[in-house]
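Asks: Requesting a structural model of the entry that follows:
(chains A, B, C and D)
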There are 4 protein chains.
Amino acid sequence: MTTLSSNGYGKHKVRLSKITRYDDRHDFTEISVDVVLKGAFDEAYTKGDNASVLPTDTIKNTVYALAKDHPLESIEQFGLDLAAHYMNRVPHATSASVKVSEKKWTRMVFDGQPHHHAFTGGASEMRTADVLHTRGGVTLKGGLKDLPILKTTGSAFVGFMKDEWTVLPEERDRIMATTLAAEWTFNSHTADFNGAAEAIRTKILNVFANHESESVQHTMHEMGNAALALVPEIDEISMLMPNVHHFMFNLDRFGIENNNDIFAPADEPHGYIEGTITR
Amino acid sequence: MTTLSSNGYGKHKVRLSKITRYDDRHDFTEISVDVVLKGAFDEAYTKGDNASVLPTDTIKNTVYALAKDHPLESIEQFGLDLAAHYMNRVPHATSASVKVSEKKWTRMVFDGQPHHHAFTGGASEMRTADVLHTRGGVTLKGGLKDLPILKTTGSAFVGFMKDEWTVLPEERDRIMATTLAAEWTFNSHTADFNGAAEAIRTKILNVFANHESESVQHTMHEMGNAALALVPEIDEISMLMPNVHHFMFNLDRFGIENNNDIFAPADEPHGYIEGTITR
Amino acid sequence: MTTLSSNGYGKHKVRLSKITRYDDRHDFTEISVDVVLKGAFDEAYTKGDNASVLPTDTIKNTVYALAKDHPLESIEQFGLDLAAHYMNRVPHATSASVKVSEKKWTRMVFDGQPHHHAFTGGASEMRTADVLHTRGGVTLKGGLKDLPILKTTGSAFVGFMKDEWTVLPEERDRIMATTLAAEWTFNSHTADFNGAAEAIRTKILNVFANHESESVQHTMHEMGNAALALVPEIDEISMLMPNVHHFMFNLDRFGIENNNDIFAPADEPHGYIEGTITR
Amino acid sequence: MTTLSSNGYGKHKVRLSKITRYDDRHDFTEISVDVVLKGAFDEAYTKGDNASVLPTDTIKNTVYALAKDHPLESIEQFGLDLAAHYMNRVPHATSASVKVSEKKWTRMVFDGQPHHHAFTGGASEMRTADVLHTRGGVTLKGGLKDLPILKTTGSAFVGFMKDEWTVLPEERDRIMATTLAAEWTFNSHTADFNGAAEAIRTKILNVFANHESESVQHTMHEMGNAALALVPEIDEISMLMPNVHHFMFNLDRFGIENNNDIFAPADEPHGYIEGTITR
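Replies: From the prediction side, this is the model:
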C-alpha cells in the first residue's frame, strides 16, 4: 500500500521576449517563466487518467497569450496575474507556483543620448519574482540573483572557533567576494515592485561596500536590516552569499613578497552563507 | 526591530578523489560534498563575533581528513559519519546537512578483462546521498540524478483537459524522454546502501522501459511503487522527471511525410513532473 | 579602401533525432550539425544584396529533409552527403564545412536481454565527423571528444627543464587524467567509418591504460602510433589531452600522512597537450 | 613510419586577480591566461625524455610571478611581455601563444561618487588579447567577446536565394540579435590598446544600432569598415555574429494577432555569420 504524498507538474523555462513600441522609443523585455501546479491530479498518476491535466503545452501557450495584452511593467505583476489565471482555469488545483526571471537588457547610449531601439545584454544578474498562489492566499517575493560583487578591503575574519584541522590564518584585510542572491517578501501586492527592487538593490550594495565587515554573516545581517528599514512594503529578506575565494598566491617560494595583491580566484569549493531577516 | 529568523553556513563543492589500492586492482572514487550547519551562530550575524564559527575552511579540511581512513564504500555512510562528526564538534549546531554526490568512473575492460587501474568517466548520472542530522535524529536519503532515459514508443498522452489555448494533439505513440532524478528515504541506517541503489535503479529503468505509459505521471507512479515493493529498507521515493521534448519536425511543407521518425529535440521549455510516493 | 578577406555563414547546433524501426528493435540516433558555407557571398556583405544567400533557415531545413531518407548509419556518411548537397545547391560556394556530433544513447539491457526501444544517455563522450568539401576535393575526419579517462598509476613526470619558478616535484607515481579528444583523417571515403572509430577508440584507451608513461606527451604519441598501425584507412591522427590535475591534499599539517591516496581534483587551470601524428 | 607533424603544450585557464592600491582608490583586475608553446619538444613525445619540457606548473607560476611587478594596465601589454618571456626562457620554442581574457569589474557608484574599493561583476562580455610570438615576429590582436546586442527594428532580410526547402518569409522588420565577438590586428605594438578597444567597441555598437540592415552580413561589414576608418593602429578586424533567433510566437491559433511583438527566443539552432575585413 502506497500513497502519492506529493505531486506537481507544469512547464519550466518558458522563454518570452516582447517589444513595446512608443513614439520615442522601443522597450524590450525578456523573461523566463516556471509554472508548477499542485492539487487533485492523483488519477493521472494512479490510473493514467489525464482528464484533470491541463497539458504543459497549454500552460506554456498561456504565458504567451497573457503576455500579449499585459504591460509586463513588472515581473511581480505578471507573476501574480499568471498564477491567478491558472487557479481560475484549473479549479482542482490547490496551488499555482509561478517564478519569473528577467534578463537585463540595457539601452545603448551614444553621446549621452539613449538609443531608440538598441540594447546590450549579457549581465548574469537577473530580477526574480516568485508567486505562490494557494486557495488560502498569495505569497509574493521579489528578488535578484547571480550578481557578483566584490570589495578589495574593509573585510576581516578573526576570532573564530578552532579545532585540530583549523589552519586558516586570522585575516584583518581580505578580499570579500560573493555572488549575491536576495529575495524579499512583500506585505502588499499593490506595492511599487520595481521601485522596491531598485531601492533594495542600491541599499544592500551600499552596505556591502561600506560596512566594516567581520564576516560575510556580519555584513549580510547589516544589508538585510538596511533593506527592511528602507522599504516598508517588505517584511522579510533572505540572502545567499557564497564566499568566492581569491587565494593569495604563494610567491614566497620564489623570493617574491606577495603584498596581499596577487591572487588565484577559484569557483570551487566556496563558502556557503545564508540568512533570513524578518521584521 | 528585526529577527534573524533563519541562518546557515558551510562549504559547498568540496571535491575529493581517493585511490584505494588492493593487490589485484585499484579502486577510484570521486565525490563532491556540500555541508551546511545551522544553530546558535547568531552573534556572528548580529555582532560580528565569530567565536561560534568553525571556519568553512576547517569544514573543508575535515572532509579530506575523515576521508583518509574512511573506506568510502558508500557515500551514504560517509555522509552519516561526516554529519555526526560536525554535530559532535560544534555543540551549538542544531543541525548538520551533508550532501554527497559521486561521479561514475567505470573500470576499463579489454578482451573481457577488467583493467587493474584505468577508468572512463563522463557520465552525467550521479549517485547522491543526503543526510540531515539534527539533535532529534537523522534522516538519510539515497538517490541518483542527471540520468537521461528515453524510449521511442510505449508512451501516449490523450484524454487531457482542454481550454481555448490547448492545441496539443492527442498522441498515442510518442517519444518519452526525461532526465531522471530520484531520491529515496531509508528507514534503516545500516542498510546495504549500494545494493539498494542498484536494485532501485534497475527496477525503475525496467518499469520506465516496459510500462504502457498514459503520461509521465502515470509511469512515474509505477516506477515509485515498484521501487517501494522491491526494497523494504526505503519508506518513500521522490522523483523528478522533466519531459524533454522531441518535436516532430514539420516536413509536410516540403511534400515529405514525417512518419513519426524525424524530430527536433529541445532542452527548453520542458515539462516539469514531480511526485513523492510513500509506503 | 578595405577588402572582405574572408567570409562564411551557415547554421550551427541543428539538433535532430531519428527513430529507425525494425521488426526486432528500434534504433535511436541524436545528432547536432554545424554547417558553414564560404564563397562568392560578398555582395551580401558589401551591398546588402541577398540574392546569393540561401537562408540559414533553409540550411537547417535541409538537414531534416535529407535525414528523412538517409540511413544515418554513420555521421561521416551523413556529413559527406550533406556537404555534397550544399555544394551542388549553391554553385557559387567554394566550400561547405559540415561538422556532425552524435550523442551516445545506449540500449537498456535487462537480464541480459537488449531492450526493444529503451535507452540511457548522459555520456559526455561524443562521436564527431568533420567534412570539408571544396571544389578541389573532400577532406573527411572522424573523431571522438569529451571522453574523460584516468589511471591511478603507471604515470611519471621527471627529468624536466627547471627554472627559478619551478617548484613541481619529480613524481614517479601520479594520477594521469585527461578529457580525450581525438580526430583522424580518412584516406578513403568508403571506409567502414564506425568500425574505424570503434577500433581506434579501443586501441588508444588500451595504450593509455597500459603504457608506462613518462608524460602525457609520451603516452599520446604511443596512442597515435598504435591507431595508425591498426587502421590503414587513416593517414593522420590529432589528439588533445588536457592534464586534469588531482592535487595531493596536504594532510601533513594535521599530522596525517597522505599515502598518495587523497586528492583534490580541479578543473582549472589545466595542462594543455596536443599533438598530430602523420603516417 | 610516422611523424610528429605538430605539437604544442602549455597551461590553460590560469586565473589571476590583482589589487592595485592608490591613495584615492583601489583598482581590481581579473584575468584568465592560456599559454601554448610549440617547438623542439619532440623527444618528450617520441622518447619520453622531458629535458626540453618546462613544466606547465612553471608556466602557470610564471604568470603570477610576472604579474607581481607588471602594471596590468592592458592585457595586450601583459600578453606581449609574457610571450617574450617564454621565448627567452625556452630557446628551443619556435612560438609562444598567449591568450588573455579579462572579466569586467565595474566600480560601484553611490550618489554619483565612484566607490573607493567596491565593484560589481557578472558581465559575459570580456576583453581579449591574443599574442603569437614566433622567431620571425609578433602578431598582436585585441578583441572583445560574448557581448549580446539586440535591436528591435531597423533590420530586414529579403531578396534571398530560394530552393524547395525554403519557407522563410521575407521580412522587412525583424529583431536583430547576436552575441558579438570581434578581434582586431594591431599594426603597432606601442598603440594605446585600451583606447583602441574602447573606440572600436563604441563605434561598432553605434553602427549596429543605427545601420539600416539588409542582413547580419551587411551590418557586420559596415561595423568593420567603420572600425578600420576610425582606428589607424589596426589593419584588420574579424567578427563573429551568430544570429540569435527570437521567433514570433504563433498566436493566430488562438484568434490573437501577433503584432510582431511577442517572441520565443531560442539559443539553438542559431545562424552563424563571420567575416574578416582588411585594410
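Asks: At which residues are the helices of the stretch 101-250 of chain A located?
Replies: Ranges of helices within the stretch 101-250 of chain A are A:193-210, A:216-230, based on DSSP state H, counting those that start in this stretch.
Asks: Find the closest residue to chain B in the stretch 101-250 of chain A.
Replies: When distances are taken as CB to the nearest CB, the stretch 101-250 of chain A reaches nearest to chain B at A:Glu214, 3.1 Å away. Glycine gets a C-beta too; all of them are placed from N, C-alpha and C.
Asks: which ones are touching that residue?
Replies: By CB atoms under 8 Å, 6 or more residues apart in numbering or on different chains, A:Glu214 lies in contact with A:Ala156, A:Phe157, A:Val158, B:Ala44, B:Gly48, B:Asp49, B:Asn50.
Asks: okay if I get the helices of the stretch 101-250 of chain A as JSON lines plus distance to chain B, mean pLDDT and mean neighbour count?
Replies: Shown next, in JSON lines, are the helices of the stretch 101-250 of chain A (distance: least, CB to the nearest CB, whole Å; pLDDT from 0 to 100; neighbours: other CB atoms under 10 Å in any protein chain shown):
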{"stretch": "helix A:193-210", "distance to chain B": "13", "mean pLDDT": "98", "mean neighbour count": "19"}
{"stretch": "helix A:216-230", "distance to chain B": "4", "mean pLDDT": "98", "mean neighbour count": "23"}
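Asks: between the ones you listed, which gets nearest to C:Ser17?
Replies: With CB to CB, the closest approach to C:Ser17 among these belongs to helix A:193-210: 41.1 Å.
Asks: CA atoms only for that closest one - export them in PDB, please.
Replies: C-alpha atoms of helix A:193-210 as PDB (Å, rounded to 0.1, in the frame of the first residue of the first chain):
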ATOM      1  CA  PHE A 193       7.600  46.400  -7.200                       C
ATOM      2  CA  ASN A 194      10.300  47.900  -9.400                       C
ATOM      3  CA  GLY A 195      10.900  50.800  -7.100                       C
ATOM      4  CA  ALA A 196      11.300  48.400  -4.200                       C
ATOM      5  CA  ALA A 197      13.800  46.300  -6.100                       C
ATOM      6  CA  GLU A 198      15.800  49.300  -7.200                       C
ATOM      7  CA  ALA A 199      15.800  50.800  -3.700                       C
ATOM      8  CA  ILE A 200      16.800  47.400  -2.100                       C
ATOM      9  CA  ARG A 201      19.500  46.800  -4.600                       C
ATOM     10  CA  THR A 202      21.100  50.100  -4.200                       C
ATOM     11  CA  LYS A 203      20.900  50.000  -0.400                       C
ATOM     12  CA  ILE A 204      22.300  46.500   0.000                       C
ATOM     13  CA  LEU A 205      25.200  47.200  -2.400                       C
ATOM     14  CA  ASN A 206      25.900  50.400  -0.400                       C
ATOM     15  CA  VAL A 207      26.100  48.500   2.800                       C
ATOM     16  CA  PHE A 208      28.200  45.800   1.300                       C
ATOM     17  CA  ALA A 209      30.700  48.400   0.000                       C
ATOM     18  CA  ASN A 210      30.900  50.500   3.200                       C
END
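Asks: residues contacting A:Asp192?
Replies: Shown in contact with A:Asp192 (CB under 8 Å, 6+ apart): A:Glu233.
Asks: For the contacts of A:Glu214, which single residue is the most surrounded?
Replies: B:Ala44 (27 neighbours; other CB atoms under 10 Å in any protein chain shown).
Asks: State the distance from A:Arg172 to A:Leu150.
Replies: 18 Å (CB to CB, to the nearest Å).
Asks: Tabulate the helices of the stretch 101-250 of chain A (a markdown table), appending distance to D:Val167.
Replies: Shown next, in a markdown table, are the helices of the stretch 101-250 of chain A (distance: least, CB to CB, whole Å):
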| stretch | distance to D:Val167 |
| --- | --- |
| helix A:193-210 | 41 |
| helix A:216-230 | 52 |
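Asks: list the contacts for the residue nearest to A:His270 when sequence neighbours are not counted?
Replies: Closest residue to A:His270 apart from its sequence neighbours, by CB to CB, 6 or more residues apart in numbering or on different chains: A:Pro242 at 4.5 Å. Each residue near A:Pro242 by CB under 8 Å, 6+ apart is listed here: A:Thr178, A:Thr179, A:His270, A:Gly271, A:Tyr272, A:Ile273, B:His12.
Asks: No further questions, thank you.
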